[in-house]
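Engineer: predicted model and sequence follow; I will ask about them next.
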Amino acid sequence: MKLQPQMGVEGGALWLARVATQSLIEEVRLSPKPGLVDSRGNGAHHDLTLDLMERSAHSLSPTFHALALQSWQRPADIALRQLVGRLGREGEVQMMLATGGVNTHRGAIWALGLLVSAAAMHGLEGSSSDIAATAAKLASLPDSSAPKVFSKGLLATRRYRVHGAREEAQLGFPHIMNLALPQLRRSRQSGATEQQARLDALMAIMTSLSDTCVLSRAGLEGLEVMQNGARSVLVAGGTATVEGRAALAWLDKHMLALNASPGGAADLLAATLLMDSIAIDTTPLHTLI
C-alpha cells in the first residue's frame, strides 16, 4: 500500500491510519510465529484469538487517524507530546471496549502511534531514519498527564534491569532500524517470499530484544530460548530454507512449552511493516546493515 501523491492533510492522515491498521492485521496473520497468535491458533495465549486481535486493530484506526491529523507538519514539543499521549490513552480505552477488557495492542499503540505521528510531522516525506529520529525525540519529551501505572512490562524491566518499550522508542527503535528492516530487505533480495521475509525480520528482532512479555511469562530461561532459537533460524539461512524452517519449528515448540509469547517482538514487527510502507527510502541496503 503506497502513498498516492498530493493527498493533502486529511487524505494523508486517512492513508496513515489505514496502513497502521493493516500493519497490525498483517502481523497477527503472519504464520508460523513462535508462541504468538497467528492464523494457526492462539499460541501461548488463552485469552487471545485471531478474530479478537483483528477486531482490536480495526478499533485503533480512529486513533491513528487522529494522531496523524493532529501531528501533521508540527514540531516535536511538549504540547504535541502531551496530545499524542492523550490520544493514545483514549485509543487504549476504545481497544479495551472492543476486546472486552483484554489487552491486545497496548504496546503497539505506543510504537505505531509514535511512528504515525512522526511520519505526519514530516508530511509523509521522511526517510525511515528521519521518522525514527523524530519519534525518538517525541518519546523523550515529558507527558505530565501520563498515569503512573506499573504494568507487567515495566515490572519486568525493573526486575531484570533491561530496556522496555519506552527506551526502545527513545533510542530511535534500534531493533527496527538496525535489525528488522535490513533483514526484511535482505531476505526479499535473496528471493524469499514476503511471508518468509517477514518471519526473518521477526527472528532478527527476537535475536536481541529483551522482550518483557517473555520475561514476565518465562523469565531469563524463556528469553534465552527465544534469542538463541531465533538466531539459529537465521544462521540456518532463514525461513526460506528447510533448515531454517526446522529451527523455527523447534523454537515454536519450546516457546509453547515455556508458555512464552514474544509480544514485544510482535509489536516491533508490526511497526517494521508500518515503517516499510510509509518511509521514503532511497538508501542502498548495505548502508542499513
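Structural biologist: Great, that's in hand.
Engineer: now for Ala133, how many residues are close by?
Structural biologist: 17 (other CB atoms under 10 Å). C-beta coordinates here come from the backbone N, C-alpha and C atoms, glycine included.
Engineer: OK, contacts around it?
Structural biologist: For Ala133, the set of contacting residues under the criterion of CB atoms under 8 Å, 6 or more residues apart in numbering consists of Gly172.
Engineer: again, only using 10 Å
Structural biologist: Contacts for Ala133 were tallied using CB atoms under 10 Å, 6 or more residues apart in numbering; they are Ala76, Ala118, Gly126, Ser127, Gly172, Phe173, Met177.
Engineer: from what I can see Gln82 touches Ala76, true?
Structural biologist: No. With contact defined as CB atoms under 10 Å, Gln82 and Ala76 do not form a contacting pair (11.9 Å).
Engineer: ok, those two, which is more surrounded?
Structural biologist: The neighbour comparison of Gln82 against Ala76 (other CB under 10 Å) goes to Ala76, with 21 against 16.
Engineer: name the SS class of that one, please.
Structural biologist: The assignment at Ala76 comes out as coil when based on DSSP: H, G, I helix; E, B strand; the rest coil.
Engineer: tell me the contacts of it?
Structural biologist: Ala76 makes contacts with 84, 117-118, 121, 133-141, as judged by CB under 10 Å, 6+ apart.
Engineer: now a PyMOL select for only the buried ones of those residues.
Structural biologist: Entered in PyMOL, the line below selects the buried ones among the contacts of Ala76, by 16 or more other CB atoms under 10 Å:
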select buried, resi 84+117+118+121+133+134+135+136+137+138+139+141
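Engineer: now tabulate the contacts of Ala76 in CSV and tack on secondary structure, pLDDT and distance to Leu154.
Structural biologist: Formatted as CSV, these follow (DSSP: H, G, I helix; E, B strand; the rest coil; pLDDT from 0 to 100; distance: CB to CB, whole Å):
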residue, secondary structure, pLDDT, distance to Leu154
Val84, helix, 98, 19
Ser117, helix, 98, 22
Ala118, helix, 98, 23
Met121, helix, 98, 27
Ala133, helix, 98, 25
Thr134, helix, 98, 24
Ala135, helix, 98, 20
Ala136, helix, 98, 19
Lys137, helix, 98, 22
Leu138, helix, 98, 20
Ala139, helix, 97, 15
Ser140, coil, 97, 17
Leu141, coil, 97, 19
